[in-house]
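In: requesting a structural model of the entry that follows:
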Amino acid sequence: MATLEFHRAIVEELTEVEEGEGTSITTPASAQALRNPSSLVVLGEGLGLSYVIAELLRIHLEEAGRAERHGGESRHRLVILIGFSEYQRKAIVAVLARDRRKREESLRQVGSDGADREAHSGSRESVVGDIDSSVGSAERSRLYALGGCLFVTTRILTVDFLQGRLSPLRVSGLYVGGAHRLKDDSGEAFCVRMYRGTGHHGNPEGDEGAGKGNKFGFVHAFTDEPTAFAGTFKVEHVMKALHVRKVFLWPRFETRVQESLQPDTAPPEPVDVEELGLVDSDSDDGKVEEEKGSKLSMPEVVELSIPVTRSMEIIQSALASAMESCLKELGQHKFLGLEFDLTVSNNLFRDFGRSIQRQLDKRWHLVSRKTKQITRDLSTLRRLAFCVLRYDSPTFLQYLEMLRATEGVNSIWLFLDDAHVIFDEAKKRVYKFVRDDSGGEKKKKGKGGAPQATGSQHKVVPVLEQPSKWEHLKQVLEEIQQDRSKMLQGIDDVRDRGDDGGGSSMYPILVLTQENLVATQLQHFVLMGGEAIMNDAFNLYLAWRNLSTKGNQAKGSKNPRDKGKGKNSDYSLRMTGAAGVSMRHEDQALQNAAPVEKKRKRAAKGKVIDLEEEEDPRGTPWLMEGVHFYALEGRELELELHRIKPSFVVLYDQSPSAIRQLEVYSATTLHEMRASNCETEGHSRLLRIYMLFYAESLEQQKFCTAVDRERKVFKSLIEQKAVMMAPIAEDGTAVVEKPTSSLRDPLGATTPLLPFGAGSSSNNAVTRQAGGLLAKAKKKAGSIVVDMREFMSNLPGVLHAYGFQISPCTLEVGDYILSPEICVERKAIPDLIQSFGSGRLFQQAKAMAKHYRYPVLLIEFSGDKAFALQGPDDWSSGSDISQRALGSKLSLLAIHVPKLRIIWSRSTQATADIFAQLKSNQEEPRFEDAQQIGIPEDPHLRSNNNVNQAALDVLQKLPGVTQTNWRQLASKAKTLSRIAAMSEEELRKVMNSSKGAKALFNLLNTACVGVPSL
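Out: Residues are numbered from 1 along each chain as shown. All right, here's what the predicted structure looks like:
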C-alpha cells in the first residue's frame, strides 16, 4: 500500500503490543496474551486518515488469512469499525481496493502461481463488510462468524452485544471514528463499555462469553478535526468515555509529516502572477520553464492574488463592522463563556456559532429576544461575507432582498447604518437608477388635478459587475490548455496508451469550488462567457423582483385596513430598517425593464442553443476540454482525485483541508511512481496547483485564521498531554494503587469505575461510610425491557451505565417496560411536537392505558439546553392557550386519557434516577409478556402481515362487541359488510349474547332519522 512515512509511523505506534500487566506462569492463557494498547489519535485536517485506517485493516486481514492457511482459528479475528461517516467509509474501502488491484497486477507481472497469489492477497474475496439496518439478524451472525473487518452502526452493535448474538471475546478490537463528537452518554461509549465488560449484562442464553468483557482487545479512536478539542479537558473527557490512556498527536508541523509531504526537495516558492504572464497571454516573457529530465518532483504551487473591486471592498468592510457591532452587544451577556474570543475572524467559522448556541442553550429561557436574534444575525452575516465573494452580483442582490423580505423588522443588523451601505453598494454592482429625459417629460394629472410624473421618466441601466476571479480563471485555463497541448504533442503514440487519439482524457484538469452552485455557474461561464451569464442572472433577478412585487401588492390590496389610505397603502412601502425602503419609481422601472438578451437560451444540461449568427459569443468551449468541476461540500475530494487523477488543479475557493488532501495525494502518487520506476512522459512536474484568492479579503482572513487556530489547538494539546492525568484503565476501571498480579485479577488490584449516572443526587450521604459509594455502584438497579428503536437515542446507554440490565426487543406498546404494571413512552421535545402533529401520541397513550395499569409519558429534555418548554415572554404573551400551543395539547391529552401520568425529565441522567425510583417496590418485567402485549392473539391475525387494523378498531367499538367475542365475530364474518348482512340470530350464535347481538343488530339496521336536509 502506498502509505507515507508518517502514516506508517502512526500504524506502528498503534500496533505495538505490551505484556499484560501482572502476567505470570500461573496466569490463565487468555490473560497471558499480549495486551494491545488502546489510544486516541488526533490527526491534522486533511492528512489522510483513510490511509491509516486502511493500512490497519490490511494488516489485520493478512494476519487472518495467514491464520486460516495454517489451520488457526479465525473466529476471534474480527475487527469492528463504528462511528465513521459515509464518505470516510467510502474512502477507506477505495484505498483497500486500489491496494488489492496493485498487488494483483504486480503478481501477474512477476508470474506468480496461484499459491503465491493466495499467500499475498489472503483467502478472503471481500475486503471489508458493511452491516446496517437492511441486514437481518441471521446474516449478521454469519458475518460475525466469518470474521474480517465490518463497518457496523452503533445501534446494531449494542443490540447484538446485549442479546448475546456477538460475544466481546470474539472481537479483536474496535476502531472508532469521529472521536471529537464522543461523550459519556454517546452510542460509541456504550459500545466500548460493553466490549470491555464494564457493568456488562449479557443474555445467558446467547453466545458463549456474551456476559464477559474483553480486557485484552484494542480500542483505537480517530479524528481529523483537532479544532473541536479547543477548550478545557475535552481530550480527557473523550479518553474517559473510550477507556483509553494514550493520545497521539500528529499536526501538520510535525517533522515526519513535513518530510513525508515534501520528499527529497524543498517546497517550491510561490510564483507571482507577473512571472506567469497571466496579464498578457500572448507574451512568453516570464514564463516558467518546464524542468527537463525524467526525475519526478513535488507539485508546483502558483498563488494568484486577485484584488477585490471597490464595491466588494466596501461591502466586506460594512459586513465586518456589522459583525463587530453584534459581537460587542453579545459580549455584554453575563452567561456567555466561550472557547474562542469574540472577534470577527472567529465568527467566520461555523463552530464559533455552534459554541455560542451551546452556551446560550443552557439558559435559553432566560435569554432576551434581542440576544437570540443577535445569534441568528451573526450566522446571516457570516453567510453574506462569503456570498459576496462567490456569487455574481445579481444573485447576491437577490439573496439580500430575500433576507430583507423574510427577516424584516425581526432582524437587528438590518437597522444598522452598515446595512444601508451594503444594500446601496450591492445595487450599484447590478444597475443604476437614472431619470430618462430623452423622450421629454410626460406628466399626468393625479388626484386633485396636480401633475404627477409617470414611471417612464426613470429607467434602469444595467452595470452587471462580474466577479474578478472569472477572468483570472479563464486566463489560467488558457495557460493550462497551452501546456496540455505541448504535453500531448510530446507523446509518440497516444493510441498505444489506451486513448482514442484525441487526448481529451489525458492530463485532466480539476477545478475545486466550495458550493455546487458556483461550480455549475463556472461551467456556464466557460461555455457561454461572462456577459451572457450576467445577463441571464439579471433577467432572473428582474423576474423574481416582479413576481415578489405583484405578490406583495396583492396582499396589500386584500388587507381591508389599508383601504382609503392613498399612497401609504402601497404594500411595497414596508419597514425594513436602515437597509432602506423600496421606492415606488424604482420598482416601476424594474418592472418595465426589458430582458437584455432574448435570443440566448441555456439548455437544461448546460449546452448553449439558439445563438444568433450576427452575435459574437464570448464563450470559450475549447477551454472545457479535459476539465472537471467538483464542489468541496461533497466531502469526497480524496475519491475524486484518485478517480480523475488530475495533472492540473485550480483551487477557486480557499480550503486548508483541500490543500492538505492535495499534498497527500501528490506525495502518495509520487511514492507509487518511484516504487514502480514509472517513466515520465515529457514532463517532470507531477502536479501543478493554482490557488486563486482575493487579496486582503475575508476569504484570505478565514484561511489564515483556520491554519493559525489548528496550530494553536495542537500546541495546547501538546501542553495538556505533558501534564495529563489518566486515572482510567483500558478496561474501564479506576486505578487506585499499583497493580499487583493475582490469579483472579491478572491486570492488577483495581477498583470498578463508578457509572457516571449512579447516585449523583445522593453521593454526599453514602460517602460518609467507608466504601459506601462503591457499594452503591456495585448494586444492580434491576432490569428494563427496551424497544429496539430506542437505541437510536442515548438513554439505553445511560441506563446500562447506571446499573440496569437492558433487554432489547421490538415492543408494540411503549418504549420502556419497568414492571408488569408500568409502561413508559419517552418523547424528546422534537419528537413530542411531531407526534402531536401526526396524532400518533394519542394512539400510543390509549394503547398504554389499555394494557398497563400505570401508563407514563416521559418528556425528556436535553441536558445542555434549557429545562423549559417556553420562556417567560411566551407565557406572558397570551398565546399559550390555543389549539397550536404545546401546553394546550398536553392538557387535552391528559383530559382524554385520564390514566396517563406525565413526567418531566431534565436529562438522560435524571431519567435514570426517575426509573430507579419508579421501579422501587415493583416486580421485574417479564420479557415474554412485554413482547406479546399489543400483538393480536388470534394466530391467523398474528401470522398475517396485512392485518386491517382500522377495521378491527371499528369492530371493537361497536355496541355489544367485547374483548371476549370480537375475535369470533371477525373470524366468522371476515368483513364489516358481512357483519351488517347477518341476522340477529346469527349474531347471537357467534357472540354468545342475545343482549349484545340485539344491540349490534339494531345499530346496523335502524334507519337514520332526524338527519337535517342540506
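In: drop to CA atoms for contacts and neighbour counts, all remaining ones
Out: Noted.
In: thought residue 703 was touching residue 656?
Out: Yes - counting by C-alpha atoms under 8 Å, residue 703 does reach residue 656; the two are 6.8 Å apart.
In: more neighbours: which of those two?
Out: Neighbour count, other C-alpha atoms under 10 Å: between residue 703 and residue 656, residue 703 has more, with 18 against 15.
In: now do the strands in the stretch 151-300 of the chain.
Out: In the stretch 151-300 of the chain, strands defined by DSSP state E, counting those that start in this stretch lie at 171-176, 218-223, 246-250, 300-306, listed in chain order.
In: mind putting those strands into a markdown table with distance to residue 718?
Out: Shown next, in a markdown table, are the strands of the stretch 151-300 of the chain (distance: least, C-alpha to C-alpha, whole Å):
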| stretch | distance to residue 718 |
| --- | --- |
| strand 171-176 | 22 |
| strand 218-223 | 16 |
| strand 246-250 | 7 |
| strand 300-306 | 31 |
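In: just so I know, which of those lies nearest residue 191?
Out: Among these, strand 171-176 comes nearest to residue 191, with 9.2 Å by C-alpha to C-alpha.
In: now that closest one - C-alpha only, CSV.
Out: Only the C-alpha atoms of strand 171-176 are listed here, as CSV (Å, rounded to 0.1, in the frame of the first residue of the first chain):
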residue,chain,number,x,y,z
VAL,A,171,-13.8,-9.3,18.7
SER,A,172,-10.1,-8.4,18.4
GLY,A,173,-10.7,-4.7,18.7
LEU,A,174,-12.7,-1.6,17.9
TYR,A,175,-11.9,1.3,15.6
VAL,A,176,-13.9,4.3,16.5
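In: ok, residues contacting it?
Out: 76-84, 188, 192, 214, 217-222 (C-alpha atoms under 8 Å, 6 or more residues apart in numbering).
In: quick one, it and strand 218-223 angle?
Out: Interaxial angle of strand 171-176 relative to strand 218-223 (axes from the mean of the first three to the mean of the last three C-alpha atoms, to 10 degrees): 10 degrees.
In: strand 171-176 pairs with which strands?
Out: strand 78-82 (parallel), strand 218-223 (parallel) (DSSP bridges).
In: report the inter-axis angle for whatever helix or strand residue 141 lives in versus strand 78-82.
Out: Using DSSP states H and E, residue 141 falls within helix 137-146. Here helix 137-146 runs at an angle of 120 degrees relative to strand 78-82 (the same axes, to 10 degrees).
In: who are the packing partners of helix 137-146?
Out: Contacts defined by 3 or more C-alpha pairs under 8 Å, 6 or more residues apart in numbering; DSSP states H and E place helix 137-146 against no helix or strand at all.
In: about what we covered before: mean pLDDT, distance to residue 407 and mean neighbour count for the strands of the stretch 151-300 of the chain - can I get that in CSV?
Out: Shown next, in CSV, are the strands of the stretch 151-300 of the chain (pLDDT from 0 to 100; distance: least, C-alpha to C-alpha, whole Å; neighbours: other C-alpha atoms under 10 Å):
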stretch, mean pLDDT, distance to residue 407, mean neighbour count
strand 171-176, 92, 42, 22
strand 218-223, 93, 38, 23
strand 246-250, 92, 44, 18
strand 300-306, 90, 34, 18
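In: can you list the weak-confidence ranges in the stretch 301-450 of the chain?
Out: The stretch 301-450 of the chain contains residues with pLDDT under 70 at 333-340, 362, 365, 436-450.
In: check the stretch 701-850 of the chain too.
Out: In the stretch 701-850 of the chain (pLDDT under 70), the answer is 726-780.
In: just the strands in it please.
Out: So, for the stretch 701-850 of the chain - with DSSP E, counting those that start in this stretch - the strands run 733-734, 751-752, 783-787, 805-809, 816-817, 822-828.
In: within the sheet, what are the partner strands of the last one, with directions?
Out: Read that as strand 822-828. strand 816-817 (antiparallel), strand 854-860 (parallel).
In: now the angle between strand 783-787 and it, please.
Out: Going by the same axes, to 10 degrees, strand 822-828 makes 50 degrees with strand 783-787.
In: next one: the fourth one
Out: Computed by the same axes, to 10 degrees, the angle separating strand 805-809 from strand 783-787 equals 30 degrees.
In: what pairs with strand 805-809, parallel or antiparallel?
Out: Strand 805-809 is paired, per DSSP bridges, with strand 783-787 (parallel).
In: what about dumping the CA coordinates of the strand it pairs with to PDB?
Out: The C-alpha trace of strand 783-787 is given here as PDB (Å, rounded to 0.1, in the frame of the first residue of the first chain):
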ATOM      1  CA  SER A 783     -34.000  -4.900  34.600                       C
ATOM      2  CA  ILE A 784     -35.800  -2.900  31.900                       C
ATOM      3  CA  VAL A 785     -37.300  -4.100  28.600                       C
ATOM      4  CA  VAL A 786     -36.300  -1.500  25.900                       C
ATOM      5  CA  ASP A 787     -37.800  -1.100  22.500                       C
END
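In: what does it contact?
Out: Counting by C-alpha under 8 Å, 6+ apart, 796, 804-811, 814-819, 924-925, 927, 930 sit against strand 783-787.
In: the same query, at a cut-off of 7 Å, please.
Out: 804-811, 815-818, 924-925, 927 (C-alpha atoms under 7 Å, 6 or more residues apart in numbering).
In: so which of the strands paired with strand 822-828 is the most packed in?
Out: Highest mean neighbour count among these (mean count of other C-alpha atoms under 10 Å): strand 816-817, with a mean of 26.
In: sweet, I'm off.
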